[in-house]
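> Generate a structure from the sequence data that follows.
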Amino acid sequence: MKKLNLKKNETLIEYFIKKNDITNILIAISGGQDSIYLIKTLERLKRQVSKPKLNLSYIYIDHQWKKSSNTQVKHIISHIKLIKSNMIIYQINKKTLSEDECRKCRYNIIIQHAIKYKFQLIITGHSATDKIETFIQNIIKGSGIESLSSLSIKSKISSKIFILRPLLNLDREMIYWMCKKFYLSIWSDSTNYFYKIQRNRIRQELIPYIKKYLHINIENNIISLINNYHYQNEYIKQNTIKLYIKSQHNKRAAINYKKINTQNFILQIKIIQLFCFHNFQMYLENSKLIKIIYYINIKSIYLSKIISCNNFNFFINKNWFYLNIKKSI
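Residues are numbered from 1 along each chain as shown. Have a look, this model is predicted:
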């Protein structure tokens, strides 16, 4: 099973590169076992692929969480020098233990770097274990179905830049086994044991507890659930787009709510969200979405202002649901 998954993993990267004519690749690394194995895989692939010729460059974001950060940076630099490749390091001066803030900052730096230096593909070392931990975090936050299945193998962040997460089908145990097999130097990161970071507590305490006392196959079950949610989410998105196109006004920022209020509640929510984002790149709070759905389901209604949000007003007039900009006084 391990050999099969590993072969599929390498084939996926090669197929994606050739299909999209990728030549310039930016690899985001952390120095942990996932990153070290990813480097090994990509450098081997670089030697095997003759056309197109691959240009690999590595990027490392140093949040300077601990005193040994400089030592870790030196370890990563030494490893990259051994393989004779290029690497850029960004150091974050503002220290924070907020995982959400760090993640947003990290992604912003990586994407801006990719845009500036014209990289076509960003590859990250996220594994199946990361996918499970992210799923649990999103459940705790009360996230919707999109977030529960958001960490996908491939995605597109612009017309010219892709993100690929080729290790998502491999768990940490399998990656650790491969690192040992190839005698790869793994950096032991002490920040993995900072329990103020929620992900660490999930990894070190919650999942082991569930496996020991509740269900030993919890990780496989969560992966199956994530896959199911992915297909459900795709179905909902496709139907939302179809209904939104059918209900649009041909001139104004409006939709025919009579074509919406006969639909399932979740489709009504999604169409209103898409309507707001498509016209004004605006996200509505859940309470305001519920209020809008309530009004568009009332059968007898004449010209009526429903709610205000930021600089916008929402109206219903006859069969149409409108959004317009508030007039300045």
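
> Show the end-to-end separation of stretch 184-204, please.
Distance between the two ends of stretch 184-204: 23 Å, counting by CA to CA, to the nearest Å.

> Equivalent analysis for stretch 90-110, please.
Termini of stretch 90-110 sit 9 Å apart (CA to CA).

> Please apply the same query to stretch 261-268.
Stretch 261-268: ends 7 Å apart by CA to CA.

> Can you name the residues in contact with that stretch?
For stretch 261-268, contacts defined as CB atoms under 8 Å, 6 or more residues apart in numbering pick out 236, 239-240, 243, 260, 271, 293, 296-297. For the C-beta atoms, the positions are set from N, CA and C on the backbone; glycine is no exception.

> Please identify the buried residues of it?
261, 263, 267-268 (16 or more other CB atoms under 10 Å).

> Now, those residues that are in helices?
By the criterion of DSSP state H, membership of those in helices covers 267-268.

> just the buried residues of stretch 261-268 now: which is nearest I163?
I163 has its nearest neighbour among these in L267, at 28.4 Å by CB to CB.

> if we can go back for a sec, JSON lines please, covering the buried residues of stretch 261-268 and showing pLDDT.
Below are the buried residues of stretch 261-268 laid out as JSON lines (pLDDT from 0 to 100):
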{"residue": "N261", "pLDDT": "86"}
{"residue": "Q263", "pLDDT": "91"}
{"residue": "L267", "pLDDT": "93"}
{"residue": "Q268", "pLDDT": "92"}
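
> how about the buried residues of stretch 261-268 in JSON lines, adding distance to K305?
Listed next are those as JSON lines, based on distance: CB to CB, whole Å:
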{"residue": "N261", "distance to K305": "18"}
{"residue": "Q263", "distance to K305": "24"}
{"residue": "L267", "distance to K305": "25"}
{"residue": "Q268", "distance to K305": "20"}
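
> follow-up on the earlier one: could I have the buried ones of the contacts of stretch 261-268 as ChimeraX selection syntax?
This is the ChimeraX syntax for the buried subset of these, where burial follows 16+ other CB under 10 Å:
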select :236,239,240,243,260,271,293,296
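
> pLDDT-wise, which helix or strand of this structure ranks last?
helix 145-148 (a mean of 74; mean pLDDT, DSSP states H and E).

> For the closest residue to L284 other than its chain neighbours, give me its contacts.
Distances taken as CB to CB, 6 or more residues apart in numbering put C276 closest to L284, at 5.6 Å, once the chain neighbours are dropped. In this structure, C276 makes contact with 282-284, 323, judged by CB under 8 Å, 6+ apart.

> Farthest pair within these?
Spanning the widest gap among the contacts of C276 are Y283 and L323, at 13.2 Å by CB to CB.

> Show me what the longest strand seen in the chain is packed up against.
Longest strand of the chain, by residue count under DSSP state E: strand 55-62. On a contact count with 3 or more CB pairs under 8 Å, 6 or more residues apart in numbering; DSSP states H and E, strand 55-62 meets strand 24-29, helix 33-48, helix 69-82, strand 86-91, helix 99-116.

> If I follow the layout properly, A253 ends up in contact with L323?
Yes: A253 is in contact with L323 according to CB atoms under 8 Å; the separation is 5.2 Å.

> Check which helix or strand the residue nearest to L284 maps to.
Under the criterion of DSSP states H and E, C276 resides in helix 265-280.

> thinking again about what came up before, what is the nearest of the contacts of C276 to G32?
Nearest to G32 among these, counting by CB to CB, is Y283 at 33.5 Å.

> The closest one looks like it's in a strand, true?
No: counting by DSSP: H, G, I helix; E, B strand; the rest coil, Y283 falls outside a strand, being coil.

> can you count the residues close to it?
When counting by other CB atoms under 10 Å, one arrives at 10 neighbours for Y283.

> Same check on Y15?
Y15 has 10 neighbours, counted by other CB under 10 Å.

> Same check on S85?
Using other CB under 10 Å, S85 has 17 other residues around it.

> was I right about it contacting R47?
No: the pair S85 and R47 fails to qualify as a contact (CB under 8 Å) at a distance of 12.0 Å.

> so where's this protein shaky on pLDDT?
Within the chain, the ranges that satisfy pLDDT under 70 run 1-6, 95-97, 149-150, 188-192, 299-303, 327-329.

> ok, the residue nearest to L284 to S143 distance?
To S143, C276 is 19 Å away according to CB to CB, to the nearest Å.

> nearest to E101, of the contacts of C276?
Y283 (19.1 Å).

> List the residues that contact the closest one.
With contact taken as CB under 8 Å, 6+ apart, Y283 is in contact with 273, 276-277.

> which helix in the protein runs the most residues?
Using DSSP H to define each element, the chain has its longest helix at helix 218-247.

> Quick check: which helices or strands does the helix or strand that that helix is followed by pack against?
Later in the chain than helix 218-247, the nearest helix or strand by DSSP H and E is strand 254-256. Packing partners of strand 254-256 (3+ CB pairs under 8 Å, 6+ apart): helix 218-247, strand 320-325.

> What residues sit buried inside strand 254-256?
254-255.

> which residues touch it?
Contacting residues not belonging to strand 254-256 are listed as 244, 247-249, 271, 275, 319-323 [CB under 8 Å, 6+ apart].

> Many thanks, have a good one.
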